[in-house]
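Novice: Requesting a structural model of the entry that follows:
(2 chains)
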There are 2 protein chains.
Amino acid sequence: MNTLSYAILGLIDKDQLTGYDLTKIFNDCVADFWSAKQSQIYTELKKLVAEELIEFKVVIQGEVLEKKIYSLTPKGKETLLSWMSEEEPPLPQSKDIFKLRLYFSENLSPKQLQEKFENRSKAVFALLLRYQTKLNEYCPETVASQSAGDYLLLKGAVTSLESQLRWLEESLDFLNKLRK
Amino acid sequence: MNTLSYAILGLIDKDQLTGYDLTKIFNDCVADFWSAKQSQIYTELKKLVAEELIEFKVVIQGEVLEKKIYSLTPKGKETLLSWMSEEEPPLPQSKDIFKLRLYFSENLSPKQLQEKFENRSKAVFALLLRYQTKLNEYCPETVASQSAGDYLLLKGAVTSLESQLRWLEESLDFLNKLRK
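Specialist: You can find the predicted model right below:
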């Protein structure tokens, strides 16, 4: 079992879902800390059915369209719980080409550097707005246990992007002064 | 050419290096934003020599030990500069099992949750100390252009880890209150 399959079990445990629902969730709600392509998701669904960790019922939509709605089996719930209680792995390592280029920034002209910082800031700002909008849908006083993780992860993403924006601003200032 | 090979060109451009030096740098200085295994590094070095982007001289160390010291060729420098000026890719996506489990936190007991947060905080704090120690070696007023990237990236890592620690504390508080 890879991590993606546990992620799918966890999502199906929250709610009965179709493959399409799952793909949407991976592109949206969990994108900040996990990613998966549609083809990977469908491959895993088949495996999880074969292993009897999930099952599905076929629902007819409209006149001809069939869709499979997946739910967890007791064995699937057990497998999810056992994975949840495993020890945490080491801190994840990220790979970031922008930072790599900044490490070699003596090779960039002030104009090139400025452009790179502006593009990065724009990208960070756009993502921040997206998460901030979703976070605003929550009222901290009424967050239910089921959505507490979602709320906290959104808060974490917003905090992290805000601090990244400040760092980008300060860093560009620093580099501009250094080169004067 | 993959990103690792450009990373190697950039590092050799900063200073003439052996494969051993490069491995050390990947495990230490650039670990926050790029990672590579020793075997990958040595494979890339061979390729970069074959492509005439780097060259080496053999130096005898002690009585028998030979080591290869790599430097950039003019073609290598050109290749590095051309990659440096490329447009930035989209924001990198990270995968984080801790956050994934937090998203499913309704499946964890208060004790399990507490343990997970404590372990994560310990790991973040240990890394923060390591980066903070390295950052303290810099005096912001005298940072040279060649090490400006290193200094700013360390500052970015420290800022980000500090904000992560605060978020971990606040999140655990929030979850504990929610479950009371």
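
Novice: So which bits of the longest helix along chain A are buried?
Specialist: In chain A, taking DSSP state H as the definition, the longest helix is helix A:145-178. Within helix A:145-178, the residues scored as buried using 16 or more other Cβ atoms under 10 Å in any protein chain shown are A:148-164, A:167-168, A:171-172, A:174-175, A:178. (Glycine included, C-beta is placed from N, CA and C.)

Novice: got the contact list for A:Lys177?
Specialist: Taking Cβ atoms under 8 Å, 6 or more residues apart in numbering or on different chains, we find A:Lys177 in contact with no residue.

Novice: Now do the same for it: its pLDDT.
Specialist: Note for A:Lys177: predicted pLDDT of 85.

Novice: dump the residue contacts of the nearest residue to A:Gly156 once chain neighbours are set aside.
Specialist: Taking Cβ to Cβ, 6 or more residues apart in numbering or on different chains, and ignoring the residues beside it in sequence, A:Gly156 has B:Trp167 as its nearest neighbour in space, at 4.8 Å. Contact partners of B:Trp167, counting by Cβ under 8 Å, 6+ apart, are A:155-156, A:159-160.

Novice: if we go to 7 Å?
Specialist: Residues near B:Trp167 by Cβ atoms under 7 Å, 6 or more residues apart in numbering or on different chains: A:155-156, A:159.

Novice: any chance of these in CSV, with pLDDT and distance to B:Leu11 too?
Specialist: What follows is those, written out as CSV (pLDDT from 0 to 100; distance: Cβ to Cβ, whole Å):
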residue, pLDDT, distance to B:Leu11
A:Lys155, 94, 37
A:Gly156, 94, 32
A:Thr159, 94, 32
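
Novice: so which of the residues you listed would you say is closest to B:Ser94?
Specialist: A:Gly156 (11.8 Å; Cβ to Cβ).

Novice: Surely A:Tyr138 is in a strand?
Specialist: No - using DSSP: H, G, I helix; E, B strand; the rest coil, the assignment for A:Tyr138 is coil, not a strand.

Novice: That one touches A:Asp150, doesn't it?
Specialist: No - using Cβ atoms under 7 Å, A:Tyr138 is not in contact with A:Asp150; the gap is 8.2 Å.

Novice: helices or strands up against the helix or strand hosting A:Leu100?
Specialist: Under the criterion DSSP states H and E, the helix or strand holding A:Leu100 is helix A:97-103. If you count contacts as 3 or more Cβ pairs under 7 Å, 6 or more residues apart in numbering or on different chains; DSSP states H and E, helix A:97-103 packs onto helix A:110-136, helix B:3-14, helix B:145-178.

Novice: Domain ranges for chain A, per the record?
Specialist: A:3-84, A:97-179 (automatic domain parsing).

Novice: First-to-last residue distance for the last one?
Specialist: Criterion Cα to Cα, to the nearest Å; first-to-last residue distance in domain A:97-179 is 23 Å.

Novice: Quick one: distance of that domain to the chain centre.
Specialist: Domain A:97-179 sits 15 Å away from the centroid of its parent chain (Cα atoms, centre = their mean, to the nearest Å).

Novice: can you check stretch A:65-73 too?
Specialist: For stretch A:65-73, the distance to the chain centre is 23 Å (Cα atoms, centre = their mean).

Novice: Mind checking if it is in reach of chain B?
Specialist: No - using Cβ under 7 Å from any Cβ of the partner chain, stretch A:65-73 stays clear of chain B, coming no nearer than 11.2 Å.

Novice: buried stuff in the helix holding A:Leu100?
Specialist: Quick answer for helix A:97-103 (16+ other Cβ under 10 Å): A:97-103.

Novice: Work out the gap between stretch A:6-13 and the centre of the chain.
Specialist: 14 Å.

Novice: same question, stretch A:61-81
Specialist: Worked out by Cα atoms, centre = their mean, stretch A:61-81 lies 22 Å from the chain centre.

Novice: go on, stretch A:57-72?
Specialist: The answer for stretch A:57-72 is 27 Å, by Cα atoms, centre = their mean.

Novice: Show me which residues of that stretch are buried.
Specialist: By neighbour count on 16+ other Cβ under 10 Å, the buried set for stretch A:57-72 is A:69-70, A:72.

Novice: Endpoints of it, how far apart?
Specialist: Calculated as Cα to Cα, the first-to-last residue distance of stretch A:57-72 is 12 Å.

Novice: now it: mean pLDDT?
Specialist: Here stretch A:57-72 scores 90 as its mean pLDDT.

Novice: contact partners of that stretch?
Specialist: A:9, A:12-13, A:16-19, A:45, A:54-56.

Novice: residue ranges with poor pLDDT in chain A?
Specialist: Chain A contains no residues with pLDDT under 70.

Novice: and of the contacts of B:Trp167, the nearest to A:Thr133?
Specialist: Distances from A:Thr133 to the contacts of B:Trp167, taken by Cβ to Cβ, are shortest for A:Lys155, at 13.4 Å.

Novice: Name the nearest residue to the closest one, ignoring sequence neighbours.
Specialist: A:Leu135 (6.3 Å).

Novice: I figured the one you found hits A:Ala157, correct?
Specialist: No - if you go by Cβ under 7 Å, A:Leu135 and A:Ala157 don't touch, sitting 8.4 Å apart.

Novice: sorry, back to before: dump the buried residues of stretch A:57-72 to CSV, plus secondary structure.
Specialist: Formatted as CSV, the buried residues of stretch A:57-72 follow (three-state DSSP):
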residue, secondary structure
A:Ile69, strand
A:Tyr70, strand
A:Leu72, strand
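
Novice: Quick check: end-to-end length of stretch A:131-147?
Specialist: First residue to last in stretch A:131-147 (Cα to Cα) measures 15 Å.
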